[in-house]
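Enquirer: One predicted model, sequence on top.
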Amino acid sequence: MATSHYAGRQVDIGEDGFFTHPEQWTEDMAPEIAAAAGIPELTSRHWEVVRFMRREYMTNGDSPSVRVLGKASGVPVKELYQLFPKGPAKLAAMIAGVPRPRGCI
């Protein structure tokens, strides 16, 4: 297991860069994670998706797929790809500090 530093705190991450302990995540880490992933600023729409990812993970124990994001988050799939161009579910999960969604390559 590797570690990384966000917002001045050390967190545990897996080989794929996702948090291994989602409870270590805080909202002030998200902008740093996003910037490292090529998203220079998190807009209110980004935050809507990031917070949805967290809620879904904490409620269901799984990170939602793109399909679920598009249907349940209130952000259409087309917009998700504009907000998170390198793969909405995967990138939003990483920024939200939750595990990679199943089915994401």
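Expert: Okay, I see it.
Enquirer: partners of the helix or strand harbouring Ser4 in the sheet?
Expert: Here Ser4, judged by DSSP states H and E, is contained in strand 2-6. Sheet pairing of strand 2-6 (DSSP bridges) gives strand 9-13 (antiparallel).
Enquirer: which residues does His5 contact?
Expert: Residues in contact with His5 (Cβ atoms under 8 Å, 6 or more residues apart in numbering) are Val11. (Glycine included, C-beta is placed from N, CA and C.)
Enquirer: Which pLDDT value belongs to it?
Expert: Looking at His5, its pLDDT stands at 95.
Enquirer: Likewise for the one 3 residues further on?
Expert: If you check Gly8, the pLDDT there is 95.
Enquirer: Next, count neighbours for it.
Expert: For Gly8, the neighbour count with other Cβ atoms under 10 Å is 8.
Enquirer: which SSE is the nearest residue to Val66 once chain neighbours are set aside in?
Expert: Leaving out its chain neighbours, the residue that sits closest to Val66 by Cβ to Cβ, 6 or more residues apart in numbering is Ala89, at 4.6 Å. Element membership of Ala89 [criterion: DSSP H and E] is helix 88-96.
Enquirer: Check Pro64 too.
Expert: Going by DSSP H and E, Pro64 is not in any helix or strand.
Enquirer: hmm, back to that, quick one: contacts for the residue nearest to Val66?
Expert: Ser63, Pro64, Ser65, Val66, Leu69, Pro101, Cys104 are the contacts of Ala89 under Cβ under 8 Å, 6+ apart.
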